[in-house]
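S.K.: with the input below, show me the fold.
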Amino acid sequence: MTMAADKDLKSILTKLQYSDDAKVVQQITAQMKQVQARMAGIKQKLVVMSGKGGVGKSMTTVNLALAFARQGAKVGLLDVDLNGPCVPRMLGLHGRSLTLTPEGAQPPVGPLGIKVASMDFFLDSASPVRWKGPMDLSPVWLGLMEMNVIREFLADVVWGELDYLLADLPPGAAADKPPVIAGFIPDLAGAIVVTTPSEVASDVVQKSVTYARDMGIRVLGIVENMSEYRCPSCGAENELFEGNTEAMCEVLDLPLLGRIPFDRTFAKTFDKGDPLLDPNYPTIQKYQDIVGRIQALLDYKKVLAEKL
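M.R.: Coordinates of the predicted model:
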């Protein structure tokens, strides 16, 4: 049995209650306990976030997951963007669904054995998400509704044993949803922030990093996307922006994990749902280098914890 029948959020929404404050607290507590149980078999949980949209966050998340999988790791990929989930399409899983079992919702398996759970599996691709509620409370009600849907989604998915889970968070600035959603993931190992080398993106990233830190989220480092343009004909790379991501990293006291060029040939394969997987391809090798740096940071954290 699959969730393909309705392709909407009805199965989740019918579980949510809002009429009584005590019931809401009770429901949230039950959801978070269930999330913790579902993710108990995952060794490292990471979130990927960005200060603003359009910087290639989802593309980066997908390729980091693939890079971990190339090393032989068991990897899960969680796409929690309610309004623009695109991970399944990139991996050739658009139109697939979670499979309902007595244990819970089993995610489909994508390239290199990656398990993928996405809000896209619930949504009609031709229609935006429209929330219905009391108009006088619409802003408050909207936020409450979205957070509850995401918690319920996390509580339903069965991951099993994984080495890494990467969560692609919705884009947003300092006081927006991403850090709040990251807080739903128990024992989070850290966050990776994606940006472009532009002044506008850098300004927003600094606010996002500060807000994440205020919430107790460890930011592992910055990935600079679209650092250069790679010519599809000759392979030459030229700068697209004039920002200074290195200077921003110094201000934030964060490592620059790596730079990824804008590679049209590479990007087209993900747009078509048939991703390029050749480990010798130059852009893929850059992602592998970034994953190596992330692993070193995670190992260093583990060593420090053992010494304390």
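S.K.: quick one, helices of the chain?
M.R.: With helices called from DSSP state H, the chain shows them at 10-13, 21-38, 57-70, 87-90, 138-156, 178-182, 199-214, 245-252, 264-271, 282-307.
S.K.: the ones you listed: which one's closest to residue 165?
M.R.: helix 57-70 (9.0 Å; Cβ to Cβ). The way it works is simple: take the backbone N, C-alpha and C, and place the C-beta from them, glycine included.
S.K.: would you list the helices of the chain in CSV and tack on mean pLDDT, distance to residue 166 and mean neighbour count?
M.R.: Compiled in CSV, the helices of the chain are given as follows (pLDDT from 0 to 100; distance: least, Cβ to Cβ, whole Å; neighbours: other Cβ atoms under 10 Å):
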stretch, mean pLDDT, distance to residue 166, mean neighbour count
helix 10-13, 52, 22, 14
helix 21-38, 83, 16, 14
helix 57-70, 97, 5, 25
helix 87-90, 95, 10, 24
helix 138-156, 77, 14, 18
helix 178-182, 81, 12, 23
helix 199-214, 85, 16, 18
helix 245-252, 92, 21, 16
helix 264-271, 94, 16, 16
helix 282-307, 85, 10, 15
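S.K.: tabulate the ones you listed (JSON lines), appending distance to residue 45.
M.R.: Below are those laid out as JSON lines (distance: least, Cβ to Cβ, whole Å):
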{"stretch": "helix 10-13", "distance to residue 45": "22"}
{"stretch": "helix 21-38", "distance to residue 45": "11"}
{"stretch": "helix 57-70", "distance to residue 45": "12"}
{"stretch": "helix 87-90", "distance to residue 45": "16"}
{"stretch": "helix 138-156", "distance to residue 45": "11"}
{"stretch": "helix 178-182", "distance to residue 45": "9"}
{"stretch": "helix 199-214", "distance to residue 45": "15"}
{"stretch": "helix 245-252", "distance to residue 45": "22"}
{"stretch": "helix 264-271", "distance to residue 45": "24"}
{"stretch": "helix 282-307", "distance to residue 45": "11"}
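S.K.: of those, give the one that comes closest to residue 44.
M.R.: helix 282-307 (6.0 Å).
S.K.: for the closest one, enumerate the helices and strands it packs against.
M.R.: Judged by 3 or more Cβ pairs under 8 Å, 6 or more residues apart in numbering; DSSP states H and E, helix 282-307 is in contact with helix 57-70, strand 190-195, strand 219-230, strand 256-263.
S.K.: hmm, try it at 7 Å
M.R.: If you count contacts as 3 or more Cβ pairs under 7 Å, 6 or more residues apart in numbering; DSSP states H and E, helix 282-307 packs onto helix 57-70, strand 219-230, strand 256-263.
S.K.: quick check, central residue of the protein?
M.R.: Note on the chain: the residue nearest the mean C-alpha position is residue 168, at 1.0 Å, using Cα atoms, centre = their mean.
S.K.: hmm, that residue is touching residue 79, no?
M.R.: Yes - Residue 168 is within contact range of residue 79, at 4.9 Å (criterion: Cβ atoms under 7 Å).
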